[in-house]
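Student: fold the following, please.
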Amino acid sequence: MQRYNDCPNILRDFLVYHETIKGQSPLTISEYYLDLRLFLRFIKLMRNDMPMNTDLETIDIKDVDLQFIRNIDTSDIFDFLSYLANDRPLNPDAPMTDHGISASARARKLSAIKSFYKYLTVRTKQLSENPVADLEYPKLRKSLPKYLTLEQSAALLQAVSGPNEKRDYAILMLFLNCGIRRSELVGLNLTDVYEDRIRVVGKGNKERFVYFGTACRKAIDGYLAERSQKVLSDNRALFGSRDGNRISVTAVHRLVKKALLQAGLDSTQFSAHKLRHTAATMMLSGGVDVKTVQEVLGHENLNTTQIYTHIENTELKIAAQANPLSKLDFSDEFEK
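Tutor: Residues are numbered from 1 along each chain as shown. Okay, the predicted model is just below:
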């Protein structure tokens with residue numbers, strides 16, 4: 001936790017609790033850290049009557065204590081959410097960037113705040129009142145997840161090239177065949193690979209087995225022959241990086257983006273997570289029932305999986321309209 005040395009003790013304790021007791025992923029802990037640090041910096045900005053153009057990144061919050069947290073009320077939370085919706089730069093490093101982040105990004109930050117206050121009121125009982133307990137999440141625009149077609153998926157796999165092509169190909173095959181998350185792929189160890197399946201550690205440290213077919217097995221074997229010649233700093237890791245470490249989420253993002261560009265696909269529309277969407281959609285289109293897809297993806301709630309059934313319904317409608325027979329209309333003959 002030394003990397004969080006710009007945090008007050010009360011926030012560090014929260015992060016340690018979620019890392020060691022709740023067993024949450026490093027990515028989740030990092031998001032909590034960034035979101036809550038921003039929140040506390042904003043509240044301190046408002047409390048100390050600093051100019052609104054003060055750079056939030058320069059505000060020191062190490063002196064924030066329980067009394068400071070106790071004095072935060074619902075009105076302060078609304079001010080923060082309003083700042084996110086209207087004034088937060090989309091890209092803080094770009095001087096001419098637009099302002100106001102998306103509803104989904106605001107919802108994630110509010111979720112972090114809710115988790116923080118739940119920890120303080122329910123887990124440690126340091127606070128008696130929770131100002132965000134009944135606060136509603138920003139309304140999200142419902143949209144169908146984007147995914148690659150079968151032809152686009154084939155083009156992506158065929159476009160893989162470069163010094164790490166066997167590794168990159170195996171990674172793409174796992175995404176497209178198993179629908180795993182980036183964090184789950186990064187966490188894979190050599191001992192997690194079995195003859196026809198992988199053992200995945202998902203959200204909340206929950207384990208599951210995900211099966212794959214012969215093509216995916218062949219891709220993994222091709223990479224493992226190469227992997228056996230390499231020594232990594234974490235030699236348990238299935239996938240390594242050029243510098244000899246376990247591959248990072250950022251590196252996975254970059255290799256997927258590179259493969260998309262090589263395949264002539266729009267890397268702003270597709271990503272590693274969209275490959276997960278693709279796997280789910282292809283399973284459903286192949287006749288797999290939604291409950292089984294839920295198990296494969298590691299979704300806790302079936303409703304999360306059912307969004308993919310809407311895609312299938314849309315495609316069925318398009319298919320019906322594309323059928324030449326749908327345009328044959330002789331009903332008028334019956335009126336003669």
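
Student: residue 70 and residue 131 touch, don't they?
Tutor: No: using Cβ atoms under 8 Å, residue 70 makes no contact with residue 131, being 9.8 Å away. Placement of C-beta: from N, CA and C, glycine included.

Student: more crowded one of those two?
Tutor: Neighbour tally, residue 70 and residue 131, criterion other Cβ atoms under 10 Å: the higher count belongs to residue 131, 19 against 14.

Student: OK, contacts around the residue lying closest to residue 18 once chain neighbours are set aside?
Tutor: Nearest non-adjacent residue to residue 18, counting by Cβ to Cβ, 6 or more residues apart in numbering: residue 24, 4.8 Å away. Residues in contact with residue 24 (Cβ atoms under 8 Å, 6 or more residues apart in numbering) are 18, 203, 204, 205.

Student: repeat for residue 47
Tutor: Residue 47 makes contact with residue 68, according to Cβ under 8 Å, 6+ apart.

Student: so it versus residue 40, what's the distance?
Tutor: Note on residue 47: its distance to residue 40, by Cβ to Cβ, to the nearest Å, is 10 Å.

Student: ok, residue 294 next?
Tutor: Distance, residue 294 to residue 40, by Cβ to Cβ: 37 Å.

Student: more crowded one of the two?
Tutor: Neighbour totals were compared for residue 294 and residue 40, and residue 40 leads with 24 against 19 (other Cβ under 10 Å).

Student: send the alpha carbons of stretch 213-233 over as CSV?
Tutor: The C-alpha trace of stretch 213-233 is given here as CSV (Å, rounded to 0.1, in the frame of the first residue of the first chain):
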residue,chain,number,x,y,z
GLY,A,213,-12.4,-26.1,-28.1
THR,A,214,-9.6,-27.6,-30.2
ALA,A,215,-8.7,-24.4,-32.0
CYS,A,216,-8.1,-22.6,-28.8
ARG,A,217,-6.2,-25.5,-27.4
LYS,A,218,-3.9,-25.5,-30.4
ALA,A,219,-3.3,-21.7,-30.0
ILE,A,220,-2.4,-22.2,-26.3
ASP,A,221,-0.1,-25.1,-27.1
GLY,A,222,1.7,-23.0,-29.8
TYR,A,223,2.3,-20.3,-27.2
LEU,A,224,3.3,-22.7,-24.4
ALA,A,225,6.1,-24.1,-26.6
GLU,A,226,7.5,-20.6,-26.8
ARG,A,227,6.7,-19.7,-23.2
SER,A,228,8.8,-22.6,-21.9
GLN,A,229,11.9,-20.9,-23.2
LYS,A,230,11.2,-17.7,-21.2
VAL,A,231,11.9,-16.9,-17.5
LEU,A,232,9.6,-14.3,-16.0
SER,A,233,10.0,-12.4,-12.7
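
Student: for it, what is the distance to the chain centroid?
Tutor: 25 Å (Cα atoms, centre = their mean, to the nearest Å).

Student: now swap in stretch 161-180 and tell me
Tutor: Centroid separation for stretch 161-180 versus its chain: 18 Å, with Cα atoms, centre = their mean.

Student: just the CA trace of that stretch, in PDB.
Tutor: C-alpha atoms of stretch 161-180 as PDB (Å, rounded to 0.1, in the frame of the first residue of the first chain):
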ATOM      1  CA  SER A 161       1.700 -10.600 -36.500                       C
ATOM      2  CA  GLY A 162       4.900  -9.400 -34.800                       C
ATOM      3  CA  PRO A 163       7.500 -10.800 -32.400                       C
ATOM      4  CA  ASN A 164       4.800 -11.900 -29.900                       C
ATOM      5  CA  GLU A 165       2.400 -13.200 -32.400                       C
ATOM      6  CA  LYS A 166       1.900 -16.600 -30.700                       C
ATOM      7  CA  ARG A 167       1.200 -15.000 -27.400                       C
ATOM      8  CA  ASP A 168      -1.100 -12.400 -28.900                       C
ATOM      9  CA  TYR A 169      -2.900 -15.000 -30.900                       C
ATOM     10  CA  ALA A 170      -3.500 -17.200 -27.900                       C
ATOM     11  CA  ILE A 171      -4.800 -14.200 -25.900                       C
ATOM     12  CA  LEU A 172      -7.300 -13.200 -28.600                       C
ATOM     13  CA  MET A 173      -8.400 -16.800 -28.900                       C
ATOM     14  CA  LEU A 174      -9.100 -17.000 -25.100                       C
ATOM     15  CA  PHE A 175     -11.000 -13.700 -25.300                       C
ATOM     16  CA  LEU A 176     -13.100 -14.900 -28.200                       C
ATOM     17  CA  ASN A 177     -13.700 -18.500 -27.100                       C
ATOM     18  CA  CYS A 178     -14.000 -18.100 -23.300                       C
ATOM     19  CA  GLY A 179     -15.300 -14.500 -22.900                       C
ATOM     20  CA  ILE A 180     -13.000 -13.800 -19.900                       C
END
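
Student: that'll do, ta.
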